[in-house]
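**Q** Test case, fold it:
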Amino acid sequence: MSISDLPALNASLNFISTIFLSLGWFFIRRGKWRPHMVCMISALSSSTVFLTSYIIYHVHVGEKSSGYHGLIAWFYFPMLASHILLAFATLPLVIITLVPVFRRRWDKHRHVARWTMPIWLYVSVTGVLVYLMLYRWFPPSGLALAR
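**A** Model prediction:
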């Protein structure tokens with residue numbers, strides 16, 4: 001595996017997180033806390049591997065999200081901006097959501113999770129969309145993947 005493979009890996013990990021987050025939400029809405037817990041641990045694990053891989057990639061390659069203009073830019077940059085801003089909020093929100101779990105404070109967990117879940121889900125979905133737009137659907141001219 002080379003550095004140039006990491007964007008696809010990152011998108012795959014984001015997609016896996018999206019699936020587990022969605023399933024976790026589905027299960028908890030039906031009162032099935034055990035499958036919810038398994039899904040959320042899986043989402044947390046895939047997101048942790050994603051974050052590690054994302055940091056490794058960007059330390060080696062830098063930022064690659066510029067070069068768009070016109071109609072694509074009107075869609076891409078607002079989505080990217082919201083994705084980045086909410087991604088920064090997600091890590092502390094996830095931690096704040098997990099702390100009450102270890103203290104068995106389900107009321108506090110539920111209260112914070114109502115905010116964390118949709119934000120985390122949005123960040124996971126838009127992460128996949130950013131990858132698809134940047135590397136598959138509309139790669140900007142001059143986008144060179146590190147080899």
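**Q** where are the low-confidence patches of this protein?
**A** Along the chain, segments meeting pLDDT under 70 span 64-66, 141-147.
**Q** And the helices in it, which stretches?
**A** Counting by DSSP state H, residue ranges of the helices within the chain are 6-29, 33-61, 71-102, 106-131.
**Q** what helices or strands is the third one leaning on?
**A** Helix 71-102 sits against helix 33-61, helix 106-131, with contacts defined as 3 or more Cβ pairs under 8 Å, 6 or more residues apart in numbering; DSSP states H and E. (Glycine included, C-beta is placed from N, CA and C.)
**Q** same check, this time on the shortest one
**A** Counting contacts by 3+ Cβ pairs under 8 Å, 6+ apart, helix 6-29 packs against helix 33-61, helix 106-131.
**Q** Distance to residue 78 and mean neighbour count added to those, as JSON lines?
**A** Shown next, in JSON lines, are those (distance: least, Cβ to Cβ, whole Å; neighbours: other Cβ atoms under 10 Å):
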{"stretch": "helix 33-61", "distance to residue 78": "21", "mean neighbour count": "16"}
{"stretch": "helix 106-131", "distance to residue 78": "10", "mean neighbour count": "18"}
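**Q** Isn't residue 47 up against residue 19?
**A** No: judged on Cβ atoms under 8 Å, residue 47 makes no contact with residue 19 at a distance of 11.9 Å.
**Q** Please name the residues that touch the residue nearest the centre of the chain.
**A** Closest residue to the average C-alpha location of the chain: residue 124 at 3.0 Å, with Cα atoms, centre = their mean. Residues near residue 124 by Cβ atoms under 8 Å, 6 or more residues apart in numbering: 14, 15, 17, 18, 21, 47.
**Q** mind running it again at 6 Å?
**A** Residue 124 makes contacts with 14, 17, 18, as judged by Cβ atoms under 6 Å, 6 or more residues apart in numbering.
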